[in-house]
Every structure is written in C-alpha cells, then in structure tokens.
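K.L.:
I would like to see how this sequence folds:
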Amino acid sequence: MTGNALISVYDKSRLEHIVGAFARHKIKVISSGGTAQAIRKLRHEVVDVSTYTGFPEMPGGLVKTLHPKIYAGILGDW
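P.N.:
Residues are numbered from 1 along each chain as shown. Prediction:
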C-alpha cells in the first residue's frame with residue numbers, strides 16, 4: 001500500500017472510477033457505512049472506519065470520523 005484514502009460519498013454513481021483509481025495505485029480505502037457497503041458490492045477492498053479506529057459508529061450513523069486516528073492523519077505534517 002502506498003497510502004490511505006478516507007472517502008464518504010452521497011452520490012455513488014461514479015464510485016467505481018474513484019475506487020478503481022485508488023486500487024490501481026495501491027491506495028488503501030477507508031470508508032464508513034453506505035459508502036463502504038457500495039465499495040464491497042463493486043468487489044473492491046475497503047476498511048471500515050470503525051475497524052480502523054477501533055471505535056464503533058455512533059447510533060444513527062453520524063460522527064464517524066471524529067477520532068484521533070483520523071484527524072491526526074489529516075492534520076499531521078507527515
């Protein structure tokens with residue numbers, strides 16, 4: 001794997017193109033809820049946010065990515 005991508009999309013109509021590009025470049029996809037489900041239907045690998053963080057999603061599906069493991073990766077100067 002050459003990197004990670006955290007994705008969550010409302011309109012999943014072009015998800016195959018996005019995830020396919022990530023797969024070609026060996027980028028690990030991390031996603032939550034419906035987006036992760038849609039990626040699996042497309043037969044691509046995906047890591048659930050809850051698996052990545054070790055913390056379950058909140059009831060109702062909100063607040064999935066407010067976790068130090070997520071925002072440290074976004075805000076950190078790597």
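K.L.:
Can you spell out which helices and strands pack onto the particular helix or strand that has I39 in it?
P.N.:
Element membership of I39 [criterion: DSSP states H and E] is helix 33-41. Helices and strands touching helix 33-41, by 3 or more CB pairs under 8 Å, 6 or more residues apart in numbering; DSSP states H and E, are helix 15-24. C-beta here means a position set from N, CA and C on the backbone, and glycine is covered the same way.
K.L.:
as a whole number, average confidence for the helix it packs on?
P.N.:
For helix 15-24, the mean pLDDT works out to 96.
K.L.:
so that helix versus helix 33-41, what angle?
P.N.:
For helix 15-24 against helix 33-41, the angle by axes from the mean of the first three to the mean of the last three CA atoms, to 10 degrees is 70 degrees.
K.L.:
Can I get helix 15-24 in CSV? Just the C-alpha atoms.
P.N.:
Extracted C-alpha coordinates of helix 15-24, given in CSV (Å, rounded to 0.1, in the frame of the first residue of the first chain):
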residue,chain,number,x,y,z
LEU,A,15,-17.7,5.4,-7.1
GLU,A,16,-16.2,2.6,-9.4
HIS,A,17,-14.0,5.2,-11.1
ILE,A,18,-12.7,6.6,-7.9
VAL,A,19,-12.1,3.3,-6.1
GLY,A,20,-10.6,1.8,-9.2
ALA,A,21,-8.0,4.5,-9.4
PHE,A,22,-7.2,4.0,-5.8
ALA,A,23,-6.8,0.3,-6.4
ARG,A,24,-4.5,0.8,-9.4
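K.L.:
could you give the angle of whichever helix or strand comes after that helix to helix 15-24?
P.N.:
Downstream of helix 15-24, the first helix or strand assigned by DSSP H and E is strand 27-31. Inter-element angle recorded for strand 27-31 and helix 15-24: 140 degrees (by the same axes, to 10 degrees).
K.L.:
Now strand 27-31: buried residues?
P.N.:
In terms of neighbour count (16 or more other CB atoms under 10 Å), strand 27-31 has its buried residues at K28, V29, I30, S31.
K.L.:
mind checking how far it is from the chain centre?
P.N.:
The chain centre lies 5 Å from the centre of strand 27-31; the measure is CA atoms, centre = their mean, to the nearest Å.
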